[in-house]
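# sequence first, predicted coordinates after that:
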Amino acid sequence: MLNIARKELKSMFASPMGWIILALLTFSFGTYYLNGVNNYFEVMSGSIRPAERIGVTQFVGQTVYGLASFIMLFAVPLLSMRLISEERRSQTMPFLFSAPLSISEIVVGKFLGLVVFLSILVVYIAAMLSTLNIWADIDFGYIFANSLGLLLLVSSFAALGLYFSSLTAQPIIAGILSFIALFVLMILDRFFAGDPTSTMLKFSLMRHFQSFAGGLIDTADLAYFGLFILTFITLTIRRLDADRLRG
Amino acid sequence: MANLTVEAIELTRLYGGRAAVSDVTFSLQQGQVLGFLGPNGAGKSTTMKMLTGNLAPSAGSVKICGIDMIEHPKEAKALIGYLPEMRPLYKEFTVDEYLTIAARLHNVSGKHIKKAVEHAKERCGLTHMSKRLIENLSNGYQQRVGIAQAIIHNPMVVILDEPTVGLDPIQIRDIRALIKEIGQAHSVIVSTHILPEVEMVCDHVQIIDKGKLVFNGGIDVLKQQRIGNKLLVGLRNAPAAAQLAAIAGVAEVEPADGMWRIRFQDGTQPHEAIVQAAVQNGWGLYHIAPDQTSLEDVFVQLTYHETASADEAKAA
């Protein structure tokens, strides 16, 4: 299982794709971070009432994590699309199937490989925000909650992307499909914003990320993300098993 | 028997009601090389996929060294090295990287990985290609990497689906020698279209046609059929066919392109008698040679006369 994860990581860094995505994301997060710090003093000097005055962690964190959750929507499908479909296209699936591994191990390994890659970014953002501690006394709990939320969010993206990747032999189609699916799940809460009691709201990924973004770790949200990931990994395993059974 | 490495029992695979492979039963012992022959679409690859656990059989079972592939897939798969028809290569890796991954996936322990990779490269003649990207290798070298991948963990059973496709004659010779070498300690199953290859490397042959096993036996049986019991005789002043047929041991005489094809009875060798008769009667003998039916003929005969060959297989 770990060997598969290792292989996936290696192949992500073997092509320029991994490096480019990493570089671009790092660049955009860095820019937003800088902008956030710059704007903080401008905005805060303008706000007089105490309710408007928020800490620097929250102010900068909001900008960076808000951007991160949005950008990952594009980045994760790009990375996840080739996980299985590429193997199908280049007929390398038998290589994994004939190794002494169960299908679950293959799928979970691939998922872990991608999550490890994405967690590089999560750790990077957390480290970047922690540097604020040099000048100010920052709220580490807030950063932790946000990092955890972001990690769960991108893991969910990855699980969904993995499933769509297992459906087709064309990475591009897998990428587009998973992007559309994620996008719908993200903006569900906008569609049903008029009816706050709607059950559809509960399915929105963004809504569950919101509480983490506020610094709140809620078990209901943890359970939601956990189930989301589990569902799509199970679907992927079943899908690959069907390959073996049906040919 | 204790040293049975592969057992396939009544393997059947249905694709939407159509049987791609039906009721294939065979077994293989340690130290045997099995050649798997058959026309296109006969079910060779499907059978191999089932043997390696890439495809679940609709009925029947596969046992590798006594371990059931369906019940204990992990243990069974650890004993197999498999090269599919389409080479499963990750082209973005170098040869070393790829083989290391293959070794790791096959549970080669950490400290032995380097040795295993070196050994596999040596056996397949890849040592000077270590740092090259697989993508940039020629077809033949990619094929060698595929074979190296299949033997890296020193498996009990090596299954190669058309291993010599795309190789040059020297490489083919090397690979055949390699297959023979592996076949001494372990078991090898090779599928191929090239019939002389079977004769060279295999000691056991199976011919499959339309999903059914039509021949299963030693290579000797096949060779015997090939050499056959016929003579091709060229005579300048040919007598009547009846005169030839009168020679002791001759079973049948038929004309063939200005010569005579003489089939003799089992267990007799009327070569001498024919020559003597030719000299005595002044028939003007200018050609006498065993009439070798090519392996292709045998193959065609076997695959197109199923019933007849099934009888022969029984006799063998």
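Yes, it's here. Numbering: from 1, shown residues only, chains lettered A, B, ... in the order given.
# going forward, measure contacts between C-alpha atoms and count neighbours the same way
Fine.
# list the contacts for the residue of the stretch 201-316 of chain B found nearest chain A?
Nearest residue of the stretch 201-316 of chain B to chain A: residue B:211, at 15.8 Å (Cα to the nearest Cα). Residue B:211 sits next to B:19-22, B:24, B:42-43 when contact means Cα atoms under 8 Å, 6 or more residues apart in numbering or on different chains.
# distance of the residue lying closest to residue B:5 once chain neighbours are set aside relative to residue B:80?
Nearest non-adjacent residue to residue B:5, counting by Cα to Cα, 6 or more residues apart in numbering or on different chains: residue B:65, 4.2 Å away. From residue B:65 over to residue B:80 the distance is 10 Å, taken as Cα to Cα, to the nearest Å.
# so those two - more neighbours on which side?
Between residue B:65 and residue B:80, counted using other Cα atoms under 10 Å in any protein chain shown, the more crowded position is residue B:80 (29 against 20).
# okay but residue B:19 is in contact with residue B:13, surely?
Yes - using Cα atoms under 8 Å, residue B:19 makes contact with residue B:13 at a distance of 5.8 Å.
# more neighbours, those two?
Each of residue B:19 and residue B:13 has its neighbours counted (other Cα under 10 Å); residue B:13 has more, 28 against 16.
# write out the residues of chain A neighbouring chain B.
A:3-4, A:7, A:11, A:14-15, A:90-102, A:243-247 (Cα under 8 Å from any Cα of the partner chain).
# mind running it again at 10 Å?
A:1-4, A:6-7, A:10-15, A:86-88, A:90-102, A:241-247 (Cα under 10 Å from any Cα of the partner chain).
# for ChimeraX, what selects the buried ones among those?
Here is the ChimeraX command that selects the buried residues among the residues of chain A next to chain B (16 or more other Cα atoms under 10 Å in any protein chain shown):
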select /A:1,2,3,4,6,7,10,11,12,13,86,87,88,91,92,93,94,95,96,97,98,99,100,101,102,241,244
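# helices along chain A, start to end?
Along chain A, the segments classed as helices by DSSP state H run A:2-14, A:16-46, A:56-80, A:82-89, A:93-97, A:103-130, A:140-167, A:171-191, A:205-213, A:219-246.
# the fourth one - what's its average pLDDT?
Looking back up the chat, that one is helix A:82-89. For helix A:82-89, the mean per-residue pLDDT is 89.
# helices or strands next to that helix in the packing?
Applying 3 or more Cα pairs under 10 Å, 6 or more residues apart in numbering or on different chains; DSSP states H and E, we find helix A:82-89 packed against helix A:2-14, helix A:93-97, helix A:103-130, helix A:140-167, helix A:171-191.
# how about a cut-off of 7 Å?
Using 3 or more Cα pairs under 7 Å, 6 or more residues apart in numbering or on different chains; DSSP states H and E as the contact criterion, the elements in contact with helix A:82-89 are helix A:140-167, helix A:171-191.
# and the first one, how far out from the chain middle?
What it means is helix A:140-167. Put simply, helix A:140-167 sits 3 Å off its chain's centre (Cα atoms, centre = their mean, to the nearest Å).
# flag every buried residue along that helix.
Within helix A:140-167, the residues that qualify as buried are A:142-167, counting by 16+ other Cα under 10 Å.
# residues in contact with residue B:206?
B:35-37, B:215-217 (Cα atoms under 7 Å, 6 or more residues apart in numbering or on different chains).
# tell me which two of those residues sit farthest apart.
For the contacts of residue B:206, the maximum inter-member distance is 12.1 Å, found between B:37 and B:217 (Cα to Cα).
# looking at these two, which is more packed in?
Between residue B:37 and residue B:217, counting by other Cα under 10 Å, residue B:37 is the more crowded of the two (24 against 16).
# test my guess that the more buried one contacts residue B:195.
No - taking contacts as Cα atoms under 7 Å, residue B:37 lies outside contact range of residue B:195: 8.0 Å.
# residues near residue A:137, how many?
By other Cα under 10 Å, the residues close to residue A:137 number 12.
# do the same with residue A:30
For residue A:30, using other Cα under 10 Å, the count is 17.
# how much space between it and chain B?
30 Å (Cα to the nearest Cα, to the nearest Å).
# burial of the nearest residue to that residue once chain neighbours are set aside, as a residue count?
Distances taken as Cα to Cα, 6+ apart put residue A:128 closest to residue A:30, at 8.0 Å, once the chain neighbours are dropped. By the measure other Cα under 10 Å, the count of residues near residue A:128 is 15.
# contacts only, for residue B:91.
Shown in contact with residue B:91 (Cα under 7 Å, 6+ apart): B:133-135.
# tell me the residue furthest from the middle of chain A?
For chain A, the largest distance from the centre (Cα atoms, centre = their mean) belongs to residue A:48, which lies 36.7 Å off.
# do you know how far that residue is from chain B?
As judged by Cα to the nearest Cα, residue A:48 and chain B stand 58 Å apart.
# find the closest residue to chain A in the stretch 1-150 of chain B.
residue B:88 (4.0 Å).
# okay, now that residue: neighbour count?
23.
# and it, what pLDDT?
90.
# for the residue most central in space within chain A, give me its contacts.
The C-alpha lying nearest the average C-alpha coordinate of chain A belongs to residue A:154 (Cα atoms, centre = their mean; 1.2 Å). For residue A:154, the contact set (Cα under 7 Å, 6+ apart) comprises residue A:72.
# where does the chain dip in pLDDT?
Just so you know, I chose chain A. Applying pLDDT under 70 to chain A flags residues A:50-52, A:247.
# hm, I was asking about chain B
Within chain B, the segments meeting pLDDT under 70 span B:1-2, B:222-229, B:266-267, B:292-316.
# could you list the domains of chain B?
Domain assignment for chain B by automatic domain parsing gives B:4-216, B:229-290.
# columns distance to residue A:205 on top of those, output as JSON lines?
Formatted as JSON lines, these follow (distance: least, Cα to Cα, whole Å):
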{"stretch": "domain B:4-216", "distance to residue A:205": "34"}
{"stretch": "domain B:229-290", "distance to residue A:205": "79"}
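# most tightly surrounded among those?
Stretch with highest mean neighbour count among the domains of chain B: domain B:4-216 (a mean of 20; mean count of other Cα atoms under 10 Å in any protein chain shown).
# just how off-centre is that one within its chain?
In terms of Cα atoms, centre = their mean, the centre of domain B:4-216 is set 12 Å apart from its chain centre.
# top helix in chain B by residue count?
helix B:169-185.
# who touches the nearest residue to residue B:4 once chain neighbours are set aside in this structure?
Among residues not flanking residue B:4 along the chain, residue B:29 sits closest, at 4.4 Å (Cα to Cα, 6+ apart). Listed by Cα under 7 Å, 6+ apart, the contact set of residue B:29 reads B:3-6, B:187.
# and of the residues you listed, the nearest to residue B:103?
residue B:187 (19.6 Å).
# against residue A:16, how distant is whichever residue of chain A sits closest to chain B?
The minimum distance from chain A to chain B, using Cα to the nearest Cα, falls at residue A:92 (4.0 Å). Distance from residue A:92 to residue A:16, counting by Cα to Cα: 21 Å.
# compute the number of surrounding residues for the residue lying closest to residue A:136 once chain neighbours are set aside.
Excluding its sequence neighbours, the residue lying closest to residue A:136 (Cα to Cα, 6+ apart) is residue A:56, at 7.9 Å. Residue A:56 has 21 neighbouring residues, counting by other Cα under 10 Å.
# now swap in the one 4 residues further on and tell me
As a burial measure, residue A:60 scores 22 neighbours (other Cα under 10 Å).
# on the three-state scheme, residue B:287 is what?
Following DSSP: H, G, I helix; E, B strand; the rest coil, the label given to residue B:287 is strand.
# surely it and residue B:231 touch.
No - applying Cα under 7 Å as the test, residue B:287 and residue B:231 come out as separate, 9.8 Å apart.
# show me what contacts residue 239?
Using chain A here. residue A:166.
# hm, I was asking about chain B
residue B:283.
# give the helix, strand or coil label for it.
Relying on three-state DSSP, one would call residue B:239 coil.
# how about the residues of the stretch 1-150 of chain B by chain A?
Residues of the stretch 1-150 of chain B lying near chain A by Cα under 7 Å from any Cα of the partner chain: B:52-56, B:74-75, B:77-78, B:82, B:86, B:88-89, B:92, B:101, B:104-106.
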